Each structure stands twice: as structure tokens, then as C-alpha cells.
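> turn this into a model:
(one chain, ligands or ions: 1)
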Amino acid sequence: MSAALATSLPAEIVQITTDAYTEPFWLAAKEDRLVAPKCADCGTFRLPPTPFCPECRSKAVDWTELSGRAEVFSYSVVHGFPGLPDITLVAAVLDLPDAPGARLIGNIVDVDPAVVHIGMPVTVQFSTISDGWKVPQFRPLD
Ligand SMILES: [Zn+2]
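Here you go, the predicted structure:
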């Protein structure tokens, strides 16, 4: 018996809400680009996006495009979801080597959950959800 590969929630049940601080992230994702906010004054990356830099309190932000490579910092395997008893999800906290100090939460997909491990290299792919938005997901780097 082969293990179920990790997948993501069905697109139609995933919805996002944007605001002035997060919308640039989601607009870039719509174009299959992974970006992170970087303080325009001191260079500190911050995710999730915040109104002020936690280091210097500047409001100035440069949205920096990243390579899409990431590394698993931590993860959990979820077997079943309300209404979806057969689904297998791997929810991960990811380090972003191009944005030191920033971490992103995302699903790892198309992988046997048993092989996921801390430090595993992954790369981004984008998946369309409700209302035409896209979310970043990650798959193992070959
Ligand atoms: Zn700063």
C-alpha cells in the first residue's frame, strides 16, 4: 500500500482577505512571484507583513522578489480535515534563504509525508484559489 501524497485544500474553500500591508504579497503571488517585505531603511525582512519595521520602526518597505527556494523549519502532518476525512496535508513553517529572518507558512504538496523533514529544501509553486487569487505552496526540490 502506498502512502497518500500530501495535497492542499480544494481551491474553492480557500479564501484570503487582503489589506494595505498584505496586498502586495498577494498581487505578486497572482503573477507567480514570491516576495517579502524588506525594511527600506535598515534592510530587515518581516513576514507576516507589519505596518512598522520591528527593528527600526520605519514604515518604508521594499517588496523584494525571492527565488522561491525555502527550507522546512518545522511542519505537521494533518490526516483529515472537517468534511474531508481522506485528505492529507503537510503544513510547514519555512525559512526563506533569500530573506533571512523571515518565515512563511505554507503547505508542502506532492510528497509522501513520511519523507518530509526539518531542513528539507523545497521550492515554491502557485495554486489558484477562490476569486482568482493564488497561494504559494511548496514541493520538494529535486
Ligand atoms: Zn528597519
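
> so what pLDDT did the residue nearest to Asp110 when sequence neighbours are not counted get?
Nearest non-adjacent residue to Asp110, counting by CB to CB, 6 or more residues apart in numbering: Arg139, 4.9 Å away. Backbone N, C-alpha and C define where each C-beta goes, glycine included. Note on Arg139: pLDDT of 97.

> quick check: Arg139 vs Ala36, distance?
In this view, Arg139 and Ala36 are 19 Å apart by CB to CB, to the nearest Å.

> again, but for Glu23
14 Å.

> which of those two has more residues huddled nearby?
Using other CB atoms under 10 Å as the criterion, Glu23 and Ala36 rank with Ala36 on top: 25 against 13.

> would you say the more buried one is within a strand?
Yes. Per DSSP: H, G, I helix; E, B strand; the rest coil, Ala36 lies within a strand segment.

> what is it paired to in the beta sheet?
Note on Ala36: beta-bridge partners Thr64, judged by DSSP bridges.

> any regions of the protein where pLDDT drops low?
Within the chain, the ranges that satisfy pLDDT under 70 run 1-3.

> how about the residues of it near the ion?
39, 41-42, 44, 53, 55-56, 58 (CB under 5 Å from the ion).

> these in strands, which ones?
Within these, residues falling in strands by DSSP state E are Cys39.

> let me know the closest of the residues of the chain next to the ion to Pro113.
Thr44 (33.5 Å; CB to CB).

> need the contact list for the closest one.
Residues near Thr44 by CB atoms under 8 Å, 6 or more residues apart in numbering: 38, 53-56, 101.

> try it again with 6 Å
53, 55 (CB atoms under 6 Å, 6 or more residues apart in numbering).
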